[in-house]
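S.K.: predicted model follows, preceded by the sequence.
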Amino acid sequence: MDTHILDGKKVAELVRAEWKVRADKLVQLGVKPGLAVIIVGNNAASAIYVRNKIKACGDIGIYSEVHSFPENAAQDEVLACIQSLNENPHIHGILVQLPLPAHFENNRVITSIATEKDVDGFHLYNVGALVTGNTAFSPCTPYGVMVMLEKNHIPIEGQHAVVVGRSNIVGKPMALMLLEQGATVTICTSKTRDLSQFTKNADILVVATGKPRMITAKMVKPGAVVVDVGINRLPDGKLCGDVDFESVKEIVSYITPVPGGVGPMTITMLLCNTILAAERAQASIK
Ligand code: NDP
């Protein structure tokens, strides 16, 4: 099988170059896109994600600021910070890095973000907009997958897409976006009986389980397109996906590597959503 590797780094570069033009145009109009990131607690992975997001903002010309709170911060303090960012005209996007400490109510915090600044697309209003096909901000990871498929001219309409995983940030929005583009969608979870009976029938298989290399070659249809969202750290410190890349790549038409597949697209789409939010803000004051 002639397998194509879906190179997330390359597509991310291309997309960032396209959107940098839009960011530069805003700057010429006197509007610098601005992103505020809120982080609560000492989660090491979250700290790395935030650092990467801030660096990517600088590279594309987005102003960014981080608001850090200690693990024992009161929810009201964070809500007050979000409120002031909602009212700050220099901030077009607000992102709360998840997970929040256990004493926080996720939905209360996320729904306090102004819907037009919800660049992660997690506000219940924006989730509803996605469900009804009126997407305002697409959640970054599944949005990145869709853009990667599009840029590689992979058809979606009429295809059977199987999404393994049903989280609010990946699996569910992924399934909705594929559905919106005309795929016939099956969603599998940890409760699915005989998973391979579904995965073997997928023209497009998206896996987001957090279970290292759980999808093996015998679970995949020859010629399928396989997108591996998973990022798992192995005991030896190396990263791997939820798909057994080495065996699966031998039989499929397209596959994403880990690292270097979906990962670089996620941050890219956050940048795009922030620039989009700034464009909308600029258009509304004309
Ligand atoms: P969650 O833990 O929130 O969800 C995992 C989902 O996988 C659940 O719906 C679960 O089912 C399902 N699942 C777990 N085991 C199985 C199994 N054996 N068979 C079928 N389904 C199973 O994870 P996330 O969605 O947040 O993340 C998934 C992976 O993607 C992780 O590795 C994460 O690190 C990575 N990730 C990568 C990103 C990127 O930018 N590349 C961004 C976000 C996440 P159930 O609901 O029944 O428990």
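M.R.: In hand now; what should we look at? Computed from a predicted model, the values in this text were never measured in an experiment.
S.K.: only C-alpha atoms for contact and neighbour calcs from this point on.
M.R.: Noted.
S.K.: helices along the stretch 101-250 of the chain, start to end?
M.R.: Under the criterion DSSP state H, counting those that start in this stretch, the stretch 101-250 of the chain carries helices at the ranges 106-110, 124-131, 140-151, 171-180, 195-199, 245-248.
S.K.: close to the ligand, is the third one?
M.R.: This points to helix 140-151. Yes. Legend: contact between helix 140-151 and the ligand by CA under 6 Å from any ligand atom is shown at residue 141.
S.K.: now that helix: buried residues?
M.R.: 140-149 (16 or more other CA atoms under 10 Å).
S.K.: one step back: reformat the helices of the stretch 101-250 of the chain as a markdown table; add mean pLDDT.
M.R.: Listed next are the helices of the stretch 101-250 of the chain as a markdown table, based on pLDDT from 0 to 100:
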| stretch | mean pLDDT |
| --- | --- |
| helix 106-110 | 97 |
| helix 124-131 | 97 |
| helix 140-151 | 98 |
| helix 171-180 | 98 |
| helix 195-199 | 98 |
| helix 245-248 | 98 |
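S.K.: gap between the residue nearest to residue 2 when sequence neighbours are not counted and the ligand?
M.R.: Using CA to CA, 6 or more residues apart in numbering and skipping residues adjacent in sequence, the residue nearest residue 2 is residue 253, 6.3 Å away. Separation of residue 253 from the ligand (CA to the nearest ligand atom, to the nearest Å) stands at 20 Å.
S.K.: ok, residue 253 - contacts?
M.R.: Taking CA atoms under 8 Å, 6 or more residues apart in numbering as the contact definition, residue 253 lies against 1-4, 222-225.
S.K.: could those residues be laid out in CSV, adding neighbour count?
M.R.: CSV is the format used below for those (neighbours: other CA atoms under 10 Å):
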residue, neighbour count
1, 11
2, 11
3, 16
4, 14
222, 19
223, 18
224, 23
225, 27
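S.K.: which two among the residues you listed are spaced furthest apart?
M.R.: Comparing every pair within the contacts of residue 253 by CA to CA identifies 4 and 222 as the most remote, at 13.2 Å.
S.K.: picking up where we left off before, any idea which of the buried residues of helix 140-151 is the one closest to the ligand?
M.R.: residue 141 (5.4 Å; CA to the nearest ligand atom).
S.K.: where in the stretch 101-250 of the chain is pLDDT low?
M.R.: Using pLDDT under 70 as the threshold, the predicted model of the stretch 101-250 of the chain has no low-confidence range.
S.K.: next, count neighbours for residue 87.
M.R.: Around residue 87 there are 11 other residues, counting by other CA atoms under 10 Å.
S.K.: ignore what I typed, I meant residue 276.
M.R.: Residues near residue 276, counting by other CA under 10 Å, number 23.
S.K.: how much space between it and the ligand?
M.R.: The separation that residue 276 has from the ligand, given CA to the nearest ligand atom, amounts to 20 Å.
S.K.: helix or strand: which one has residue 79?
M.R.: Using DSSP states H and E, residue 79 sits within helix 75-86.
S.K.: isn't residue 252 right up against residue 219?
M.R.: No. With the criterion set as CA atoms under 8 Å, residue 252 and residue 219 do not qualify as a contacting pair; they are 11.3 Å apart.
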